[in-house]
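K.L.:
Pasted the sequence and its predicted model underneath.
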Amino acid sequence: MEATVELKGYKMLADFLQENEQTFLDDWEEQIVVNETEDDRDLIRNNGYLMYRLIISSIGNKVRDSELKSMAYRVAEERLDANINIGEFVYNVNLGRSIIIKQVYNSGICSGDVRKVIDLVNRQFDLFCYYAVTRYTDLKDIKLQEQNHYISQTHKERLAILGQMSSSFVHEFRNPLTSVMGFIRLLKSDYPNLPYLDVVSIELDQLKFRITQFLHTSKKNIISDDKNEEIPIRDLLVEVIDFLYPSIVDGNIQVNSHIDASTTVYGDRNELKQVFLNLLINAVDAVFEKDKQRIITIQTLLGKNEVKIMISNNGEPIREEIRKIIFEPFYTTKKLGTGIGLFVCKNIIEKHKGSIHCQSDEDLTSFEICLPITEIQ
């Protein structure tokens, strides 16, 4: 596609524009928006000169759009490399348009030719802006995608390193903890009336639970067949509730359960116990600060091939923007939280070919787990 216009006074206009080239560049450079620390004035002035010459060439001569596009693409790439806002570029281009149009009016050509030239100038500048801004936007999107990919990869690498460090540390810590828990059980057997042993035992169990959380962050996302078994959901949930009974009583919390007694799932008992324990600890923490009646509800719904387990509480609602990132590693709203609890839950449930979601409103916050009731292959 080519742009041209035949004028009776072409030679007079071309001579006039060439004679006033320096005036145009001086006026334009005096008024343009320039970032003094990042912009290259010589480069910008050269671009203005090239655009001015292109307009002169368009009058009476054929100028292909490909030439205009090539120049616009080059300028867009320069702006992106300099990391400069494209808004400055658009302003400066339109400023150049206005100055050229004023020169056309002052050139002395007939009014009919003036209208034709102004239409041509507007077309060339509009196309130039379109090509440049489109190219700049496309390149900017590509650059952002590359940056996001780099950030994502870096984040994964840091998680992997942290997982290795955590695994090493936790294994070293777990061995003496196991010994301490064993001796506590012996003391309870030999001295059943010795005070505070129950408290110590509960605290050690909680510590073991936290350590197990860290271990899960460093494990690969696979299921070991030798640890899988048929697990009655009701028995597992009752076991977790019994473990948290002291906290439930201390918080004056009402626990309502509607759990199907016959439903079983196939998987790792300890890992699924970890999930339910985590969610119920969170539920206890959520209702603990409420002055009104504190209620936690646990219920199961049996489908054709899956079971839904819902753990709900009437604590403070979770805002939508938080729900979107609540399963991300190291995100927490608790003052002393680690931010790995729900991340671990999600990993475990997905290992068992299931899913976990959070819903929340002013009345109820629910974590819904879906697990297959058929054996995982």
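P.N.:
Ah, there it is. Numbering: from 1, shown residues only.

K.L.:
my read is residue 255 is in a helix, agree?
P.N.:
No: assessed with DSSP: H, G, I helix; E, B strand; the rest coil, residue 255 is strand; it does not lie in a helix.

K.L.:
Checking the closest residue to it other than its chain neighbours next. Helix, strand or coil?
P.N.:
Excluding its sequence neighbours, the residue lying closest to residue 255 (CB to CB, 6 or more residues apart in numbering) is residue 296, at 5.0 Å. Every C-beta, even on glycine, is put in place using the N, C-alpha and C of the backbone. When classified by three-state DSSP, residue 296 comes out as strand.

K.L.:
I figured residue 296 hits residue 290, correct?
P.N.:
No: applying CB atoms under 8 Å as the test, residue 296 and residue 290 come out as separate, 11.3 Å apart.

K.L.:
Between those two, which is the more surrounded one?
P.N.:
Counting neighbours by other CB atoms under 10 Å for residue 296 and for residue 290 shows that residue 296 has the greater number, 24 against 15.

K.L.:
Looking at strand pairing, list the partners for the more buried one.
P.N.:
residue 255, residue 313 (DSSP bridges).

K.L.:
can you pull the contacts of it?
P.N.:
Contacts of residue 296 were listed using CB atoms under 8 Å, 6 or more residues apart in numbering, and they are 248, 253-256, 280, 283-284, 287, 311-313.

K.L.:
How is this protein divided into domains?
P.N.:
If you go by automatic domain parsing, the domain ranges for the chain are 2-148, 223-372.

K.L.:
Now find how far off-centre the last one is within its chain.
P.N.:
It stands for domain 223-372. 25 Å (CA atoms, centre = their mean, to the nearest Å).

K.L.:
and residue 113, how many residues sit next to it?
P.N.:
Neighbours around residue 113, by other CB under 10 Å: 20.

K.L.:
same question, the one 4 residues further on
P.N.:
Other residues near residue 117 number 26, with proximity taken as other CB under 10 Å.

K.L.:
thought it was touching residue 13?
P.N.:
Yes: between residue 117 and residue 13 a contact is recorded at 6.9 Å, counting by CB under 8 Å.

K.L.:
Name the helix or strand for the most centrally placed residue in the chain, please.
P.N.:
Centroid-nearest residue in the chain, with CA atoms, centre = their mean: residue 325, separated by 8.3 Å. Assigned by DSSP states H and E, residue 325 belongs to no helix or strand.

K.L.:
Can you report phi and psi for it?
P.N.:
Phi and psi for residue 325, reported as degrees, to the nearest 10, are phi -120, psi 10.

K.L.:
And it, how far from residue 279?
P.N.:
Here the criterion is CB to CB, to the nearest Å. By it, residue 325 lies 17 Å from residue 279.

K.L.:
helix/strand/coil for residue 266?
P.N.:
Under three-state DSSP, residue 266 falls in the strand class.

K.L.:
Report the beta-bridge partner residues of it.
P.N.:
residue 230.

K.L.:
My read is that it contacts residue 230, right?
P.N.:
Yes: between residue 266 and residue 230 there is a contact under CB under 8 Å: 5.9 Å.

K.L.:
Which of the domains of the chain comes out lowest on mean pLDDT?
P.N.:
Comparing mean pLDDT across the domains of the chain, the weakest is domain 2-148, with a mean of 79.

K.L.:
And for residue 59, the neighbour number?
P.N.:
A count of neighbours around residue 59, defined by other CB under 10 Å, yields 22.

K.L.:
Okay, and the beta partners of it?
P.N.:
Going by DSSP bridges, residue 59 forms beta bridges with residue 5.

K.L.:
quick one: secondary structure of residue 308?
P.N.:
Counting by three-state DSSP, the backbone at residue 308 sits in strand.

K.L.:
Now do the contacts for it.
P.N.:
300-302, 368-370 are the contacts of residue 308 under CB under 8 Å, 6+ apart.

K.L.:
any idea how far it lies from residue 231?
P.N.:
Distance of residue 308 to residue 231, given as CB to CB: 16 Å.

K.L.:
for residue 96, same thing?
P.N.:
Computed with CB to CB, the distance linking residue 96 and residue 231 is 74 Å.

K.L.:
Surely residue 368 is in a helix?
P.N.:
No: assignment of residue 368 by three-state DSSP gives strand, placing it outside any helix.

K.L.:
Quick check, it in contact with residue 354.
P.N.:
No: with contacts counted by CB under 8 Å, residue 368 stays clear of residue 354, the gap being 10.4 Å.

K.L.:
between the two, who's got more neighbours?
P.N.:
Counted by other CB under 10 Å, residue 368 and residue 354 do not tie: residue 354 has more neighbours, with 22 against 15.

K.L.:
Name the nearest residue to residue 312, sequence neighbours excluded.
P.N.:
Counting by CB to CB, 6+ apart, residue 312 lies nearest to residue 366, which is 4.1 Å off, once chain neighbours are set aside.
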